[in-house]
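Trainee: coords please:
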Amino acid sequence: MNSAIRRLAVAALILMLALMANSTYLQAFQAGELNGRNDNRRVRDSQFSVNRGPILVGGTAIAVSNKSNDRFVYQRTYPPNIAQIYAPVTGYYSYLFGRGGIELTQNSELNGSDPSLAFRRVVDVITDRQQQGASVSLTLNSAAQVAAYKGLAGKKGAVVAIEPKTGKILAMVSFPSYDPNQLASHDLTKVGNAWKTLNADPDKPMLNRAIKEVYPPGSTFKLVTAAAALSSGKYNPQTQVRSPAELDLPQTTVKLPNENGKNCGGSDNATLTVALRNSCNTAFGSIGLDLGADALREQAEKFGFGERQLPELGAAASQFPQDPNAPQVAQSAIGQFDVRATPLQMAMVSAGIANGGNVMKPYLVQNVKTADLKTVSETKPESLHQAVSSEVASQLTQMMVDVVKNGTGRPGQIKDVEVAGKTGTAQTSPEKPPFAWFTAFAPANDPKIAVAVMIEDANVPRNDIAGGALAAPIAKSVMEAVLGQ
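Mentor: Purely as a prediction, here's the structure:
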């Protein structure tokens, strides 16, 4: 054999070995990823012939598969009367555009291909039974979900409610919403047109504002600042804090004013309780300058800032600025400058305070069960951070109760139930309306629900925008739904 033929043979052998290695790698290590890709139509054709499991809330199906009279065999359907209410959570199941929401994150369980369902698939083969996906039960409270959706009607915003002791998400609503049936249709021309229309809509109905977008939290962030102050040992609820009508800021001639242009509660020195009751910018700006950026950031991170909660749903991480100067620290202490939070994050702040300072990891999936109701998996509550001590949590609770009883949070009051809450109005730019916020929990002495409401645009005059006026009544209705009021 001459050298040229030898080199050619070696090259061919190397190519064959490379091909075998690549094939082995794809089948052994990347099969799951490739099968899960939204653009893998071969797999999608096969999956559309599977009886996909239902998504359930309180035993009621909010997504189900029915027999169809076409090549796809099954049609994914979302009950028309509630489809838009749950769309930010369920997501969509589309031949052309893949999956979103729970339909994406629990896809292998819903279509029956998950490794945890292997025994069930073997039984199906042996008994010649058609493959059927597992059911996925969510933690949502249907009454709270409906109350949140009705409260947001006509507004642009989001609501998140959490069970403080467990981290169960009781409500997650974003408005405006969309009908996932439009994307699940087997009329692919209509599906394509619906996709274009939804994505061209300036109101972004497919955006889950509850978890995927961050906003300036405004005065609701004063809960974090108050937590840092109380945890520092330098402050207690009755500590006098400098709170004039305007606060002189270092390094600039610009002043930080109170919203009403007056000092806090009739005095240039107000207690921390009074400062929170009246949401005094100058008092919390003073605290921010005293504690410094690092203390505020550390406290924010203990509540979950900087971490992506529910990352499987594409949730965004809330942010505290990395290197603010002194004036920016004062602005950050009142939830302005570059502080950004999701509604989920601000619900977690209230939930952590409600749970004695222990912030629980939020979750949406309660359990997964086979078609014959055998439990495959069940989510267990998990502690995320101890944000503050139980003593500080108790102090914050009483201060938040005072906000609702005597301060800016009065519209959040519930008859015969003690509510702890905090309002917020976050300024953006002159051409955009402020964001209206309210976060709360109830009952204050034995919390069953913590909630955050964010209103991005309520289509009302700018002077009428306030967290107490716009967001608190929605939070109240959601809390009442859970408490059976």
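Trainee: Would you mark the buried spots in stretch 201-211?
Mentor: Residues 204-211 are the ones in stretch 201-211 that count as buried (16 or more other Cβ atoms under 10 Å). C-beta coordinates here come from the backbone N, C-alpha and C atoms, glycine included.
Trainee: Kindly report the same for stretch 388-401.
Mentor: Taking 16+ other Cβ under 10 Å as the criterion, stretch 388-401 shows 388, 392-393, 395-397, 399-401 as buried.
Trainee: could you measure the residue lying closest to Lys415 once chain neighbours are set aside against Leu170, distance?
Mentor: Ranked by Cβ to Cβ, 6 or more residues apart in numbering and with sequence neighbours excluded, the top spatial neighbour of Lys415 is Gln485, at 7.3 Å. Going from Gln485 to Leu170 by Cβ to Cβ, to the nearest Å gives 15 Å.
Trainee: These two: which is more packed in?
Mentor: Between Gln485 and Leu170, counted using other Cβ atoms under 10 Å, the more crowded position is Leu170 (26 against 13).
Trainee: Spell out which residues sit in contact with the more buried one, please.
Mentor: Taking Cβ atoms under 8 Å, 6 or more residues apart in numbering, we find Leu170 in contact with 139-141, 144, 161-163, 449, 482.
Trainee: can you check Glu378 too?
Mentor: So Glu378 contacts 366-368 (Cβ under 8 Å, 6+ apart).
Trainee: switch the cut-off to 7 Å
Mentor: 366-367 (Cβ atoms under 7 Å, 6 or more residues apart in numbering).
Trainee: Phi, psi for it please.
Mentor: Backbone geometry at Glu378, expressed as degrees, to the nearest 10, gives phi -150, psi 130.
Trainee: what pLDDT does it get?
Mentor: pLDDT recorded at Glu378 is 95.
Trainee: Kindly report the same for Thr105.
Mentor: pLDDT, Thr105: 95.
Trainee: Give the burial count for it, as a bare number.
Mentor: Number of residues near Thr105 (other Cβ under 10 Å) recorded here: 20.
Trainee: dump the residue contacts of the residue nearest to Val403 when sequence neighbours are not counted.
Mentor: Once flanking residues are discounted, Val403 sits nearest to Gly409: 4.4 Å by Cβ to Cβ, 6+ apart. Gly409 makes contact with 403, 421-423, 438, 468, 472 under the criterion Cβ under 7 Å, 6+ apart.
Trainee: for those, which one is nearest Leu291?
Mentor: Leu291 has its nearest neighbour among the contacts of Gly409 in Lys422, at 18.5 Å by Cβ to Cβ.
Trainee: Counting residues, what is the longest helix that this structure contains?
Mentor: Secondary structure assigned by DSSP state H gives helix 3-29 as the longest helix of the chain.
Trainee: what's the model's confidence in it, averaged?
Mentor: 72.
Trainee: Check stretch 223-232 too.
Mentor: 98.
Trainee: tell me which residues of it are tucked away?
Mentor: 223-231.
Trainee: Would you convert these into JSON lines that also reports distance to Ala12?
Mentor: Compiled in JSON lines, those are given as follows (distance: Cβ to Cβ, whole Å):
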{"residue": "Leu223", "distance to Ala12": "69"}
{"residue": "Val224", "distance to Ala12": "66"}
{"residue": "Thr225", "distance to Ala12": "70"}
{"residue": "Ala226", "distance to Ala12": "73"}
{"residue": "Ala227", "distance to Ala12": "68"}
{"residue": "Ala228", "distance to Ala12": "68"}
{"residue": "Ala229", "distance to Ala12": "73"}
{"residue": "Leu230", "distance to Ala12": "74"}
{"residue": "Ser231", "distance to Ala12": "70"}
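Trainee: pretty sure the residue nearest to Lys415 is touching Ile414, no?
Mentor: Yes: taking Cβ atoms under 7 Å as the definition, Gln485 is a contact partner of Ile414 at 6.0 Å.
Trainee: and the residue lying closest to Ala315 once chain neighbours are set aside, what are its phi and psi?
Mentor: Computed as Cβ to Cβ, 6+ apart, the closest residue to Ala315 that is not its neighbour in sequence is Ile211, at 3.9 Å. Ile211 adopts backbone torsions of phi -140, psi -20, taken as degrees, to the nearest 10.
Trainee: pLDDT weak spots in the chain?
Mentor: 1-2, 4, 23, 25-44, 117-131, 458-466 (pLDDT under 70).
Trainee: Can you get me a residue count around Leu384?
Mentor: 18.
Trainee: mind checking which helix or strand it is in?
Mentor: Secondary structure from DSSP states H and E places Leu384 in strand 383-386.
Trainee: could you say what helices and strands that strand packs with?
Mentor: If you count contacts as 3 or more Cβ pairs under 7 Å, 6 or more residues apart in numbering; DSSP states H and E, strand 383-386 packs onto strand 358-360.
Trainee: cutoff 10 Å now
Mentor: helix 293-302, helix 343-354, strand 358-360 (3 or more Cβ pairs under 10 Å, 6 or more residues apart in numbering; DSSP states H and E).
Trainee: Now render these as a markdown table, adding mean neighbour count.
Mentor: Listed next are the helices and strands packed on strand 383-386 as a markdown table, based on neighbours: other Cβ atoms under 10 Å:
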| stretch | mean neighbour count |
| --- | --- |
| helix 293-302 | 20 |
| helix 343-354 | 30 |
| strand 358-360 | 22 |
